[in-house]
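Asks: here you go, sequence then predicted model.
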Amino acid sequence: MFEALGEKLEAVFRRLRGYGTLTEKNIEEALREVRLALLEADVNFRVVKDFVERIKARAVGREVLGSLSPGQQVVKIVYDELVALLGGQHTDLNLSAPPPVVLMLVGLNGSGKTTTAGKLARYLKSERKRSPYLIPADTYRPAAMEQLRIIAGEVGVPIYRTPGDGGASDPVHIAREGVETARRQGYDVAIIDTAGRFQIDEELMGELERMKQATAPHQILLVADAMTGQEAVNVAAGFHNRIGVDGVILTKVEGDARGGAALSLRAVTGKPIIFVGVGEKLDALEPFHPDRAASRILGMGDVLSLIEKAEKVYDQRQAAILEKKLRKNQFTLEDFQEQMRMLKKMGSIAELVALLPGGKKLMQGADIGAAEKELKRIEAIISSMTKEERRKPEILNGSRRRRIAAGSGTSVTEVNRFLKQYLDAKKMMRRVTQAAGGKHLGRWLSSHLG
């Protein structure tokens with residue numbers, strides 16, 4: 001979402017870092033480019049004006065012009081102001097109320113409310129260990145209720161079924177009865193999926209006001225489409241002024257959105273972005289962290305998110321087993337295959353590299369697509385081996401290698417090259433674990449590479 005904006009800002013800061021000393025003129029020129037970059041990213045013009053003025057007030061003072069590294073100081077100021085603009089600190093869902101905590105999702109047609117309701121239910125179930133209950137209160141869009149039932153089945157959470165197999169048509173009645181059913185059956189979070197319109201109108205707002213009064217939601221969450229840019233900000237302001245919004249879930253950030261909505265929402269509405277939808281799959285919902293988003297915009301990477309992705313895939317028991325195998329030089333092709341599966345669960349190579357500091361630059365000079373193909377080729381080679389061959393690669397003679405090449409759609413040369421790479425990697429990992437002196441591998445790597 002922030003790729004184009006990040007590239008433009010990086011070009012500005014690269015010039016600033018090249019100056020031995022900075023003058024007010026240098027800073028004025030740089031801030032003019034920052035202003036243009038933000039406006040082109042569809043950031044609200046009032047937000048841009050205030051943002052640039054705050055940076056200027058700090059940048060032309062003693063804080064920068066008197067520093068030993070003025071270019072770096074300007075980058076630090078922009079980073080701080082970006083974090084503040086995006087909300088400062090991460091805001092989490094407030095789930096402290098007596099159950100069921102009622103979450104009402106609102107938004108325009110096409111913003112992704114129904115899918116987001118399913119994503120949120122999955123997140124609460126798997127990440128927060130809650131027992132969510134879905135309530136389909138969109139009776140206007142054809143098949144909306146059936147869509148939510150299908151999603152509920154996929155994520156494994158219960159859903160309120162209206163009497164008479166969907167015969168009830170009053171969304172306010174459905175929402176109220178759904179919350180009462182969640183309370184009686186002991187679910188601790190009730191998620192209401194409401195209807196949307198193509199625009200904010202009196203009928204929609206009146207219905208949402210009645211639903212709010214009937215269900216007393218603990219939080220009203222606006223689902224806003226990042227692809228609509230500045231319009232998402234106008235929509236957020238409209239909903240907030242009429243029914244009161246407690247937070248925002250920004251969807252479709254993985255698309256071609258220019259980032260203006262995310263940078264404007266907090267400043268215009270005063271309400272935080274709590275989650276971002278990063279894909280179409282039901283697990284593609286992530287908590288929004290302003291500091292991490294600012295870091296990504298400025299090309300500094302997002303190592304904390306990378307670590308969190310790894311922690312979701314690996315548990316301590318698996319890590320201990322892997323460490324033990326590495327120390328004893330027992331890391332087999334079967335283990336290698338398992339690590340590849342774990343890596344795929346974390347995301348694509350492009351997604352992971354982008355989280356590293358300087359990852360954007362690395363991707364500019366690298367063929368990420370070729371790397372993805374190479375991983376698939378390696379996976380095919382390992383999958384074409386027998387279990388014994390994966391555990392004892394030393395038995396792979398010429399005839400076995402020819403069979404593996406034929407089975408994986410590769411050549412014997414490619415099989416030989418991969419096996420050499422595996423042996424080289426195994427030797428390197430052996431040296432690392434020996435150097436660790438028996439310490440936990442992750443701790444050793446952190447102390448030596450961090």
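Replies: That came in fine, so what should we check first?

Asks: and the strands in the protein?
Replies: For the chain, applying DSSP state E gives strands covering 101-106, 132-137, 189-194, 219-225, 247-251, 273-277, 285-287.

Asks: so what's the gap between the shortest one and the chain middle?
Replies: Distance of strand 285-287 from the chain centroid (Cα atoms, centre = their mean, to the nearest Å) equals 5 Å.

Asks: what of the fifth one?
Replies: Centroid separation for strand 247-251 versus its chain: 12 Å, with Cα atoms, centre = their mean.

Asks: try the first one
Replies: A distance of 21 Å separates the centroid of the chain from that of strand 101-106, by Cα atoms, centre = their mean.

Asks: and if you look at the second one?
Replies: Taking the mean of its C-alpha atoms, strand 132-137 sits 24 Å from the chain's own mean (Cα atoms, centre = their mean).

Asks: how about stretch 235-242?
Replies: Counting by Cα atoms, centre = their mean, stretch 235-242 comes out at 25 Å from the chain centroid.

Asks: and what of stretch 411-422?
Replies: 35 Å.

Asks: please report the distance of the most centrally placed residue in the chain from residue 372.
Replies: Residue closest to the mean C-alpha point of the chain, counted by Cα atoms, centre = their mean, is residue 286 at 4.3 Å. Per Cβ to Cβ, to the nearest Å, residue 286 is found 22 Å from residue 372. Backbone N, C-alpha and C define where each C-beta goes, glycine included.

Asks: picking that back up, now render the strands of the chain as CSV, adding mean pLDDT and distance to residue 35.
Replies: Formatted as CSV, the strands of the chain follow (pLDDT from 0 to 100; distance: least, Cβ to Cβ, whole Å):
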stretch, mean pLDDT, distance to residue 35
strand 101-106, 96, 33
strand 132-137, 96, 43
strand 189-194, 96, 38
strand 219-225, 92, 24
strand 247-251, 91, 23
strand 273-277, 91, 23
strand 285-287, 91, 29
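
Asks: nearest to residue 76, out of the ones you listed?
Replies: strand 273-277 (23.0 Å; Cβ to Cβ).

Asks: for that closest one, name the packing helices and strands.
Replies: On a contact count with 3 or more Cβ pairs under 8 Å, 6 or more residues apart in numbering; DSSP states H and E, strand 273-277 meets helix 113-126, strand 247-251, helix 260-269, strand 285-287.

Asks: would you list the strands of the chain in JSON lines and tack on distance to residue 33?
Replies: Converted to JSON lines, the strands of the chain look like this (distance: least, Cβ to Cβ, whole Å):
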{"stretch": "strand 101-106", "distance to residue 33": "38"}
{"stretch": "strand 132-137", "distance to residue 33": "46"}
{"stretch": "strand 189-194", "distance to residue 33": "42"}
{"stretch": "strand 219-225", "distance to residue 33": "28"}
{"stretch": "strand 247-251", "distance to residue 33": "26"}
{"stretch": "strand 273-277", "distance to residue 33": "26"}
{"stretch": "strand 285-287", "distance to residue 33": "30"}
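
Asks: wait, which of the ones you listed is closest to residue 235?
Replies: strand 219-225 (6.1 Å).

Asks: can you give me the angle that closest one makes with helix 113-126?
Replies: Here the directions of strand 219-225 and helix 113-126 differ by 120 degrees (axes from the mean of the first three to the mean of the last three Cα atoms, to 10 degrees).

Asks: strand 219-225: how far from the chain's middle?
Replies: 17 Å.

Asks: tell me which residues in it are buried?
Replies: 219-225 (16 or more other Cβ atoms under 10 Å).

Asks: return the distance of residue 38 relative to residue 50.
Replies: 11 Å.

Asks: more crowded one of these two?
Replies: Neighbour count, other Cβ atoms under 10 Å: between residue 38 and residue 50, residue 38 has more, with 26 against 14.

Asks: now for the closest residue to the more buried one other than its chain neighbours: which residues touch it?
Replies: Nearest residue to residue 38, sequence neighbours excluded (Cβ to Cβ, 6 or more residues apart in numbering): residue 48, at 4.6 Å. When contacts are counted by Cβ atoms under 8 Å, 6 or more residues apart in numbering, residue 48 touches 35, 38-39.

Asks: and residue 48, how far from residue 260?
Replies: Distance from residue 48 to residue 260, by Cβ to Cβ: 9 Å.
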